[in-house]
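Undergrad: Turn this into a structure:
(one chain, ligands or ions: 2)
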Amino acid sequence: MEDFQIVDEVLLAVLRAPRTFTREDTVEITCHGGILPAKLVLDTLLENGARLAEPGEFTRRAFLNGRIDLAQAEAVADLIHSRTELALAAANEQLAGKLSRRINQLRDELMRTLAHVEAHIDFPDEDIAPDTKEQLLRRLENGVKFMDELLRTANEGQILRRGIRAAIVGRPNVGKSSLLNQLLGHDRAIVSPIPGTTRDTIEETANIRGLPVVFIDTAGLREARDEIEAEGVRRSRESLAKAEFILHVLDASEPLTGADESYLTEFAGKKRILVLNKTDLPGKLELPLKSHVTSHESRVKSPVVEVCCLSGQGIEALKDAIKELVWSGEIRAEMLQVMINSRHQDALNRARAAAQRAADALRADATLELVAMDLRIAVNAVGEIVGKTATEDLLDSIFSQFCIGK
Ligand SMILES: Nc1nc2c(ncn2[C@@H]2O[C@H](COP(=O)(O)OP(=O)(O)O)[C@@H](O)[C@H]2O)c(=O)[nH]1
Ligand SMILES: [Mg+2]
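TA: Ligands and ions are numbered 1, 2, ... in the order given. Below you'll find the model as predicted:
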């Protein structure tokens with residue numbers, strides 16, 4: 001017994017299958033806080049035959065044992081990574097199975113249609129009756145419409161999960177860094193009256209009305225007086241290309257300059273908000289002809305918001321304008337119930353195309369084998385979403401995104 005050394009005093013819980021997260025027998029050890037006791041407990045377990053879990057292994061086991069489906073497993077990762085309460089609410093809805101229910105409904109419907117078509121293949125002598133054909137077509141069209149509705153949530157889903165990128169642009173000294181600090185609610189970027197202070201591109205995420213927005217304070221896009229600035233310009237250009245919308249800052253206390261105008265023209269085709277800063281000073285800025293402020297491509301006028309980055313005045317209105325721009329309207333509760341991710345989007349796009357092909361073939365009286373083949377593709381693609389048809393590779397790629405211990 002002398003060989004034994006006390007490592008820690010722990011709480012040990014034995015959880016019996018099937019009422020556990022993985023549906024397997026589980027032991028949970030709660031040790032005292034601190035890194036060293038936890039490490040020593042872990043070392044002791046590993047010396048005695050335990051091994052570390054792989055990333056996402058617990059959730060993967062829960063999936064393989066049928067406790068949750070694949071869309072719910074993904075929701076666990078969303079939950080962990082959610083950056084705003086809105087994103088968290090959406091993840092919880094998905095974990096509760098709201099998306100899965102709709103997907104299973106869709107898959108069942110497609111399978112019923114497939115069974116119907118296959119029944120006719122088995123009796124090639126009988127032609128498909130016109131009203132039966134109509135009925136099948138209507139079902140397929142409803143399926144496609146249902147998929148379209150789900151597909152429409154992809155954009156919002158992506159924003160909630162990954163955030164949306166906004167570049168803050170404008171000529172030197174208009175207050176870009178001041179604006180970033182105001183939006184973040186703390187001083188992140190250095191503000192100074194010396195033009196060219198921001199030499200590197202700064203990226204920070206802020207919670208704007210529930211949306212995770214990644215703001216990029218660009219280091220100027222044109223003016224480069226030395227090598228460091230040239231590198232700054234290069235990086236600004238790079239992050240600008242990835243930005244989904246633009247906050248163009250203008251100094252309201254100065255007349256419009258040539259540099260302002262070239263920014264106005266350059267981003268005329270992009271989603272943008274014109275931010276008129278320094279409204280505490282006497283106004284000298286006259287916004288140019290409407291054609292400048294109007295986006296050439298969409299013919300939609302860019303919203304103009306007046307702010308003062310010294311006092312913070314107008315920042316709340318700017319946040320409203322940002323939400324309006326990226327989300328176009330209210331965030332409805334039922335929208336949060338289904339927010340498909342890019343994997344779901346890809347699967348649904350394939351399913352939709354196949355269902356559409358099946359409908360076209362049916363309408364054109366093509367051979368029913370062809371219709372059935374496309375329907376099978378659609379059923380399988382929809383099944384991928386909840387993991388009814390999932391390859392080992394797909395599972396690897398999903399669960400590798402989890403952290404260890406989840
Ligand atoms: N009066 C006034 N000055 C401001 C305002 N916002 C920023 N400034 C000043 O303008 C200068 C440039 O600001 P900065 O954020 O560094 O501009 P940037 O070069 O575009 O990043 C600094 O001296 C700021 O204090 C404002 O709303 N009113
Ligand atoms: Mg700056």
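Undergrad: Am I right that N207 is in a strand?
TA: Yes - per DSSP: H, G, I helix; E, B strand; the rest coil, N207 lies within a strand segment.
Undergrad: Test my guess that it contacts S82.
TA: No - with contacts counted by CB atoms under 8 Å, N207 stays clear of S82, the gap being 10.8 Å. Quick note: C-beta positions are derived from backbone N, CA and C, even for glycine.
Undergrad: so who does the residue in the stretch 251-400 of the chain that ligand 2 sits nearest to touch?
TA: Among the residues of the stretch 251-400 of the chain, C309 lies closest to ligand 2, at 11.1 Å counting by CB to the ion. Listed by CB atoms under 8 Å, 6 or more residues apart in numbering, the contact partners of C309 are 175, 178-179, 181-182, 277-278, 315.
Undergrad: let's see 7 Å
TA: By CB atoms under 7 Å, 6 or more residues apart in numbering, the contact list for C309 reads 175, 178-179, 182, 277.
Undergrad: tell me which element the closest residue to L79 other than its chain neighbours falls in.
TA: Closest residue in space to L79, ignoring its immediate chain neighbours: A91 at 4.2 Å, by CB to CB, 6 or more residues apart in numbering. Assigned by DSSP states H and E, A91 belongs to helix 85-95.
Undergrad: which of the residues in that helix are buried?
TA: 86-95 (16 or more other CB atoms under 10 Å).
Undergrad: Those also near ligand 1: which ones?
TA: Among the buried residues of helix 85-95, no residue sits close to ligand 1 (CB under 6 Å from any ligand atom).
Undergrad: export the residues you listed to TSV and tack on pLDDT?
TA: Putting the buried residues of helix 85-95 into TSV (pLDDT from 0 to 100) gives the following:
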residue	pLDDT
L86	88
A87	90
L88	92
A89	91
A90	92
A91	94
N92	94
E93	93
Q94	94
L95	94
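Undergrad: Give the other helices and strands that the helix holding A91 contacts.
TA: helix 70-81, helix 154-162, helix 333-337 (3 or more CB pairs under 7 Å, 6 or more residues apart in numbering; DSSP states H and E).
Undergrad: Could you export it as PDB, CA atoms only?
TA: C-alpha atoms of helix 85-95 as PDB (Å, rounded to 0.1, in the frame of the first residue of the first chain):
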ATOM      1  CA  GLU A  85     -27.800  34.700 -27.600                       C
ATOM      2  CA  LEU A  86     -29.600  34.600 -30.900                       C
ATOM      3  CA  ALA A  87     -27.200  32.100 -32.300                       C
ATOM      4  CA  LEU A  88     -27.500  30.100 -29.100                       C
ATOM      5  CA  ALA A  89     -31.300  30.100 -29.300                       C
ATOM      6  CA  ALA A  90     -31.100  28.800 -32.900                       C
ATOM      7  CA  ALA A  91     -28.700  26.000 -31.900                       C
ATOM      8  CA  ASN A  92     -31.000  25.000 -29.100                       C
ATOM      9  CA  GLU A  93     -34.000  24.700 -31.500                       C
ATOM     10  CA  GLN A  94     -31.900  22.500 -33.800                       C
ATOM     11  CA  LEU A  95     -30.700  20.400 -30.900                       C
END
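Undergrad: What is the distance between that helix and the centre of its chain?
TA: Its chain's C-alpha centre and that of helix 85-95 lie 12 Å apart, by CA atoms, centre = their mean, to the nearest Å.
Undergrad: Quickly note the distance from H116 to ligand 2.
TA: Distance of H116 to ligand 2, computed by CB to the ion, to the nearest Å: 64 Å.
Undergrad: so who does that residue touch?
TA: Under the criterion of CB under 7 Å, 6+ apart, the contact partners of H116 comprise L136.
Undergrad: pLDDT value on it, please?
TA: According to the prediction, H116 has pLDDT 92.
Undergrad: Kindly indicate whether it is helix, strand or coil.
TA: Under the three-state scheme (three-state DSSP), H116 adopts helix.
Undergrad: residues near K284, how many?
TA: K284 has 12 neighbours, counted by other CB atoms under 10 Å.
Undergrad: Return the residues in contact with it.
TA: Per CB under 7 Å, 6+ apart, neighbours of K284: 253-255.
Undergrad: okay, these in JSON lines with distance to R112 and pLDDT next?
TA: Putting the contacts of K284 into JSON lines (distance: CB to CB, whole Å; pLDDT from 0 to 100) gives the following:
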{"residue": "S253", "distance to R112": "68", "pLDDT": "96"}
{"residue": "E254", "distance to R112": "68", "pLDDT": "95"}
{"residue": "P255", "distance to R112": "69", "pLDDT": "93"}
